[in-house]
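Trainee: A predicted structure for the sequence below; I have some questions about it.
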Amino acid sequence: MPYSSQFGDHFYCQTDGRLECGYVFLDGNGLPERWGAGDFFRIGELGFGTGLNLCETWRQWRLWRAAHPQGCRHLHVTSFELYPMTAADIDRALSHWPEIDRERQALAALWPETRLGRITLSLSQDMTLTVICGRAEHEVPAWEFQADAWFLDGFAPSRNPDMWSLPLMQAVFERTSAGGSFATYAAAGFVRRNLQAAGFSVERRPGFAGKREMLFGRKGNASGA
């Protein structure tokens, strides 16, 4: 179970981080169903961590593409990470889940030794990963694209409040396509208020593995909070 001494928090829930990714980030953003429209889909992520969300998303994308060869043709994931891990640490952390062995091995093999600036990896013919290394509050406003869905996966708001600040949530909103979405395991009141103040509709539903609540929402819809 990877643990950050910098933020005093685990990288994902101690019950099952892979299942949490499916419940919170994929289902919370209406994926994979939303991959059915258009030729290109872009996911933005705050906090790459071990790459667990990337690998589970990649696994589900691969399965979905096999079943829908005429659907969306390319997935691009862009993640913002201040402290990128080494390939060996990523490989060790993700080895817990045999379900993503294929994705883990490919990611570890492609992961560069030098982790500065912008890392862009062609994971397959139909999927690309970009990791922007630096402080999200500086890098997200400068990002040249907009995401169709956001995985907001920084460390706990109480331990890493900068990752959930109003200015950063406003930057995320501005870098979200019309009708785009977000999902997060977080449910702290100030996080919900910052997302709403940024312009998102915000809804709540039961969290993963007994957690009381999680948040999800859209850009351009009336608030359901």
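Mentor: Received, thanks. The structure presented is a predicted model; accordingly, all values stated were derived computationally and were not measured.
Trainee: any idea how far the lengthiest helix in the chain is from the chain center?
Mentor: Counting by DSSP state H, the longest helix found in the chain is helix 52-67. Centroid displacement of helix 52-67 relative to its chain, using CA atoms, centre = their mean, to the nearest Å, is 13 Å.
Trainee: residues making contact with it?
Mentor: With contact meaning CB atoms under 8 Å, 6 or more residues apart in numbering, helix 52-67 is reached by 11-12, 17-18, 21-22, 25-26, 31-32, 35, 43, 45, 48, 71, 75, 77, 79, 93-94, 97, 99-100, 102-104, 107, 123-124, 126-127, 129, 151, 153. Using the backbone N, CA and C atoms, a C-beta is placed for each residue, glycine as well.
Trainee: Could you turn the buried ones of the residues you listed into a ChimeraX selection?
Mentor: Burial among the contacts of helix 52-67 is assessed by 16 or more other CB atoms under 10 Å; the matching ChimeraX selection reads:
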select :11,12,17,18,21,22,25,26,31,32,35,43,45,48,75,77,79,93,94,97,100,103,104,107,123,127,129,151,153
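Trainee: Inside strands: which ones of the contacts of helix 52-67?
Mentor: Among these, the members found in strands (DSSP state E) are 43, 45, 75, 77, 79, 123-124, 127, 129, 151.
Trainee: which one of these is nearest Thr176?
Mentor: Ile43 (11.1 Å; CB to CB).
Trainee: what's across from that closest one in the sheet?
Mentor: Under the criterion DSSP bridges, Ile43 forms beta bridges with Val77, Ala149.
Trainee: if I pick it, what's in contact with it?
Mentor: The neighbours of Ile43, taking CB under 8 Å, 6+ apart as the test, are 29, 57, 75-78, 147-151.
Trainee: Next: Ala171.
Mentor: 137, 140-141.
Trainee: Spell out which helix or strand contains it, please.
Mentor: Assigned by DSSP states H and E, Ala171 belongs to helix 166-174.
Trainee: Okay, buried residues for that helix please.
Mentor: For helix 166-174, burial by neighbour count (16+ other CB under 10 Å) applies to 168-173.
Trainee: Between those, which sits nearest Arg118?
Mentor: Ala171 (17.3 Å).
Trainee: ok, back up a step: please write out the alpha-carbon positions of the helix holding Ala171 in PDB.
Mentor: What follows is helix 166-174, C-alpha atoms only, in PDB (Å, rounded to 0.1, in the frame of the first residue of the first chain):
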ATOM      1  CA  LEU A 166     -11.100  27.600  -5.700                       C
ATOM      2  CA  PRO A 167      -8.500  28.900  -8.200                       C
ATOM      3  CA  LEU A 168      -7.600  25.400  -9.300                       C
ATOM      4  CA  MET A 169     -11.200  24.300  -9.500                       C
ATOM      5  CA  GLN A 170     -11.900  27.400 -11.700                       C
ATOM      6  CA  ALA A 171      -8.900  26.400 -13.900                       C
ATOM      7  CA  VAL A 172     -10.400  22.800 -14.200                       C
ATOM      8  CA  PHE A 173     -13.800  24.200 -15.100                       C
ATOM      9  CA  GLU A 174     -12.200  26.400 -17.800                       C
END
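Trainee: now Arg104: how far from Thr114?
Mentor: 21 Å (CB to CB, to the nearest Å).
Trainee: And Phe48, by the same measure?
Mentor: Per CB to CB, Phe48 is found 16 Å from Thr114.
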